[in-house]
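Colleague: just the structure for this:
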Amino acid sequence: MSVNRCLRFLSRLQPHINPRTARIVADSGSASSGSVLYHKQHPAGSVGRCRHASSNSSSPKPPDTSLFVPISLRTDPSVDGDVGAELTQPLDKSELLKVMNRFYKKKEMQKLAAEHGLDARLFHQAFISFRKHVLEMTSLNADLHIILSDICSGAGHIDDIYPYFMRHAKQIFPMLDCMDDLRKISDLRVPANWYPEARAIERKVIFHAGPTNSGKTYHAIQRYLAAKSGVYCGPLKLLAHEIFEKSNKAAVPCDLVTGEERTFVDLEGRASDHVACTIEMCSVTTPYEVAVIDEIQMIRDPARGWAWTRALLGICAEEIHVCGEPAAIDFIRELMYTTGEEVEVHTYQRLTPFSILDQALESLDNLRPGDCVVCFSKNDIYSISRQIEARGLECAVIYGSLPPGTKLCQAKKFNDPDDPCKILVATDAIGMGLNLSIKRIIFNSLVKPNVNEKGEKQMETISTSQALQIAGRAGRSVTPLLGSHSIGLNIGIIILLLKPVSSRFSSKFKEGEVTTMYRDDLPVLKEILSHSVDPIEAAGLHPTAEQIEMFAYHLPDATLSNLIDIFVSLSQVDGMYFVCNIDDFKFLADMIQHIPLNLRSRYVFCTAPINKKQPFVCTSFLKFARQFSRDEPLTFSWVCRHVNWPLAPPKNIKDLVHLEAVHDVLDLYLWLSYRFMDMFPDTGLVREIQQELDDIIQQGVQNITRLIRATDATITDPLQTQSNRRGQVASGGNKGQRGTKQMMNSPLTSRLVRDGVLTADLLQQLQREWSKDQKQEFTNQNTFNTANPNEKNKGREKKQK
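Modeller: The predicted structure is shown next:
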């Protein structure tokens, strides 16, 4: 970047620049075959001056006082008894009420209170509480009683109430007395300072940038395997498990660490020099030679972005290889500039091209082997898969809530050239973590359900990044060494490292294709893919347990949910960061607020990764917390009773969904078992029944068409507006008449189309016949009324009665 741009970035820095170097990334051009080192020196004095200016330029933002919940004070009588009444006289409540209201209406008092942190909202709440305290207490403190008595008798001034009012306000709003301390605790402007071990060593950052299927992660893994020690940090358990298996096959001992699993290759449990983990589980204190951070663009994820920020800033490794979209390059440069670390960029091109077709599929009759229909709701998955099998074709099914083992089984079934299953129906879960032999991606829809800030479900068009991630699955390379069912990343073992890149990546399909189900969506898809991916502008942060504990020290009576809200409202972040979404955390905190837990345990429970849309999972979470609070271990037999183990194979979709929820509950048990080992002791037994459950779910998914047929309720998604507008996928491409569309939207018609009994042509023919019959009936009725006018009048009189 230019010197002027660097100076602009300096103004955003905070009072910490790594003193060991002032190296920053410089302007670059990218070459697909080489690497460019970004390095530029700056005078230390200029950095110091900018740093000083930056520290003085930021002013604390006003707190969101709507989050301040008043504390209920005890109504115990004064220890002095009614001394005030003995020294003066009992207070007249009616006169006292007038005095209090006069105090409230004085503008000078409101202005003075605002200078001490009481805005209009807090002033009103504090006054209501103070007035209630004064009027309802049987005995007040002697000093307050005497002041009020003097005012009522005309011997005192109404302003004399103010010190006692403020004393009461700070009792019900304790945060007013420690606002400066709370601001310091919630100051998130220099997150690099949270990791002193990483700041104490020389780190080199290598960015492997490229689209999907470009081999960027492959090259990073080569360096990981060759290092004396290393850590791989991935976004999914599937990816971490893939690296774990391939590293050990390459004679590089590697451990596996995920939220729910710890696997050590050493029989005595000693840690290996290499570890593959999910991004949240990486250690920021263990030294490594090489670290690989995959999918770095997820640093801007509104829910999980904090984990990538923590890994990038905190991992103690000599070399940090980050892999991701080119849209993240500039931001990573800026972020690493704040720590004074070098950045080296390697760019890659896609190994197998994909093209956007000029014609939509329009009919499931036009499906070919190697096709993948991408849907954005499970209901569409069920509907499409049933229509496909009604045509005598087998299809594999993959969606996000399936257990990892079931996803692998379905991927293997689809990839196996000897298996008759040649069609895949999936959600965007295939966009990451699964390597599939797909020839053509077919978007069933371009809108995806999403939850807005108010918690309401709405439909949004997919972004360019999402579209590219999914479309990139078409023609994706599958390395023969890894097997046709390989998942995750294209990593070969050591013997392949000497081969040229082109020979290491082979695929059943040399070129991928992308299209849509409906012709109206095709130009929209082309428009989406024609845009460049939005550059990353900020990285996520999340309050730590230590920060919340310090908050709780100052606000001991606040709930955890309220502590989080106040923390976020007071937090100060640099322009390069944002505070991640905490709605899920607050949801769990509110759920278990009534359960007696210490703050650290409560915090850990609320960070558990659960699906809050599943009622059974939420109920289980609540029971786990309640059992934990009683200090009663959650044994294997207790878990079996809770989930009604053993479980029968699913008979319909409802049963399958419940089994998926039970699998999530067992995942929750395993996750908690690594945080509270003494309270969740039967990890091995629970893992065994989870594997059995995975097999049962696999059987259900393999027979998903039969389960759909056994489900009585019509499978529809009311928010899937495009599906409702177009009806179910028909065998013909004609749009039909308005009557046909109405029939397509009826429950019976939808079920007949889904079963393959009716087609659009048949529906149009039925509509024409129905219209003809209606016209004939109308003509006959008019003829009858003309010939029998008296009968018509009798009919009207009968209706009126």
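Colleague: what is the least confident helix or strand in the protein?
Modeller: Every helix and strand in the chain was compared by mean pLDDT, DSSP states H and E; the lowest is helix 44-57, with a mean of 33.
Colleague: let's check: the centremost residue of this protein is which one?
Modeller: Note on the chain: the residue nearest the mean C-alpha position is Ala303, at 4.1 Å, using C-alpha atoms, centre = their mean.
Colleague: setting aside sequence neighbours, what's the nearest residue to that residue?
Modeller: Nearest residue to Ala303, sequence neighbours excluded (C-beta to C-beta, 6 or more residues apart in numbering): Asn581, at 5.2 Å. Quick note: C-beta positions are derived from backbone N, CA and C, even for glycine.
Colleague: these two touch, right, the one you found and Asp301?
Modeller: No - applying C-beta atoms under 8 Å as the test, Asn581 and Asp301 come out as separate, 9.2 Å apart.
Colleague: what does the strand ranked longest in the chain contact?
Modeller: Counting by DSSP state E, the longest strand found in the chain is strand 316-324. Taking contacts as C-beta atoms under 8 Å, 6 or more residues apart in numbering, the residues outside strand 316-324 that touch it are 197-198, 201-209, 216-217, 220, 223-224, 227, 230-231, 284-298, 312, 328, 332.
Colleague: report the buried members of those residues.
Modeller: 198, 203-209, 216-217, 220, 223-224, 227, 230-231, 288-298, 312, 328, 332 (16 or more other C-beta atoms under 10 Å).
Colleague: burial of the closest residue to Cys178 other than its chain neighbours, as a residue count?
Modeller: Distance criterion C-beta to C-beta, 6+ apart; nearest residue to Cys178, sequence neighbours excluded, is His554 at 4.4 Å. A count of nearby residues for His554, using other C-beta atoms under 10 Å, gives 17.
Colleague: swap in Val397?
Modeller: 26.
Colleague: centre of the chain to whichever strand or helix holds it, how far?
Modeller: Here Val397 sits within strand 395-398, counting by DSSP states H and E. The chain centre lies 24 Å from the centre of strand 395-398; the measure is C-alpha atoms, centre = their mean, to the nearest Å.
Colleague: backbone dihedrals for the residue lying closest to Tyr674 once chain neighbours are set aside, please?
Modeller: Leaving aside its sequence neighbours, Tyr674 sits nearest to Arg262 (C-beta to C-beta, 6+ apart; 6.5 Å). The phi/psi pair for Arg262 (degrees, to the nearest 10) reads phi -130, psi 120.
Colleague: over to the residue nearest to the centre of the chain: give its phi and psi.
Modeller: For Ala303, the backbone dihedrals (degrees, to the nearest 10) come out as phi -110, psi -40.
Colleague: and the gap between it and Ala317?
Modeller: 26 Å (C-beta to C-beta, to the nearest Å).
Colleague: quick one, strands of the stretch 401-550 of the chain?
Modeller: In the stretch 401-550 of the chain, the strands defined using DSSP state E, counting those that start in this stretch lie at 423-426, 440-443, 447-451, 457-461, 512-516, 539-541.
Colleague: angle of the fourth one against strand 447-451?
Modeller: Between the axes of strand 457-461 and strand 447-451, defined by axes from the mean of the first three to the mean of the last three C-alpha atoms, to 10 degrees, the angle is 140 degrees.
Colleague: which other helices and strands does strand 457-461 contact?
Modeller: The contact analysis (3 or more C-beta pairs under 8 Å, 6 or more residues apart in numbering; DSSP states H and E) places strand 457-461 against strand 447-451.
Colleague: pairing partners for the strand it packs on, with directions?
Modeller: strand 457-461 (antiparallel) (DSSP bridges).
Colleague: mind listing what's buried along the partner strand?
Modeller: Neighbour-count burial for strand 457-461, with 16+ other C-beta under 10 Å as criterion, is recorded at Met459.
Colleague: do stretch 141-148 as well
Modeller: 141-142, 144-148.
Colleague: using CSV, list the CA coordinates for it.
Modeller: This file holds the C-alpha atoms of stretch 141-148, laid out as CSV (Å, rounded to 0.1, in the frame of the first residue of the first chain):
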residue,chain,number,x,y,z
ASN,A,141,-32.5,7.3,58.4
ALA,A,142,-32.3,10.1,60.9
ASP,A,143,-30.5,12.6,58.7
LEU,A,144,-33.0,12.1,55.8
HIS,A,145,-35.9,12.4,58.2
ILE,A,146,-34.7,15.6,59.7
ILE,A,147,-34.0,17.2,56.2
LEU,A,148,-37.5,16.2,55.0
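Colleague: gap between the nearest residue to Asp119 once chain neighbours are set aside and Phe127?
Modeller: Sequence neighbours aside, Thr65 is the residue nearest to Asp119 in space, at 5.4 Å (criterion: C-beta to C-beta, 6+ apart). Plainly put, Thr65 is 14 Å away from Phe127 if you go by C-beta to C-beta.
Colleague: over to Val639?
Modeller: Counting by C-beta to C-beta, the gap from Val639 to Phe127 is 52 Å.
Colleague: Lys246 now?
Modeller: Lys246 sits 67 Å away from Phe127, going by C-beta to C-beta.
Colleague: Gly156 touches Tyr164, doesn't it?
Modeller: No - using C-beta under 8 Å, Gly156 is not in contact with Tyr164, being 11.9 Å away.
Colleague: which neighbours do those two have in common?
Modeller: Ile147.
Colleague: distance check, the residue nearest to Arg519 when sequence neighbours are not counted against Glu260.
Modeller: Residue nearest to Arg519 in three dimensions, not counting chain neighbours: Ala360, with 4.2 Å by C-beta to C-beta, 6+ apart. Separation of Ala360 from Glu260 (C-beta to C-beta): 41 Å.
Colleague: try Thr65
Modeller: With C-beta to C-beta as the criterion, Thr65 and Glu260 are 41 Å apart.
Colleague: likewise for Leu685?
Modeller: 14 Å.
Colleague: list the contacts for the residue lying closest to Asp521 once chain neighbours are set aside?
Modeller: Leaving aside its sequence neighbours, Asp521 sits nearest to Leu446 (C-beta to C-beta, 6+ apart; 5.3 Å). Leu446 is in contact with 461-462, 467, 516, 521, 524-525, 528, counting by C-beta under 8 Å, 6+ apart.
Colleague: strands of the stretch 201-350 of the chain, start to end?
Modeller: Under DSSP E, counting those that start in this stretch, the stretch 201-350 of the chain gives strands at 204-209, 230-234, 254-257, 262-263, 274-278, 287-293, 316-324, 342-347.
Colleague: what do you get for the stretch 551-700 of the chain?
Modeller: Assigned strands in the stretch 551-700 of the chain, in chain order: 577-579 (criterion: DSSP E, counting those that start in this stretch).
Colleague: poorly predicted segments of this structure, please.
Modeller: For the chain, the stretches with pLDDT under 70 are 1-61, 74-86, 451-457, 476-509, 711-766, 768-801.
Colleague: how about 80 then?
Modeller: 1-67, 69, 71-90, 138-139, 432-435, 449-458, 476-510, 705-801 (pLDDT under 80).
Colleague: against Leu670, how distant is Glu688?
Modeller: Look at Glu688 and Leu670: by C-beta to C-beta, they are 11 Å apart.
Colleague: could you check which of these two is surrounded by more residues?
Modeller: Leu670 (18 against 12).
Colleague: correct me if wrong: the more buried one contacts Glu260.
Modeller: Yes - taking C-beta under 8 Å as the definition, Leu670 is a contact partner of Glu260 at 3.9 Å.
Colleague: what sits in contact with each of these two?
Modeller: What both Leu670 and Glu260 touch, as defined by C-beta under 8 Å, 6+ apart, is an empty set.
Colleague: more neighbours, Leu685 and Glu260?
Modeller: A count of neighbours by other C-beta under 10 Å puts Glu260 above the other of Leu685 and Glu260, at 21 against 14.
Colleague: all set, thanks.
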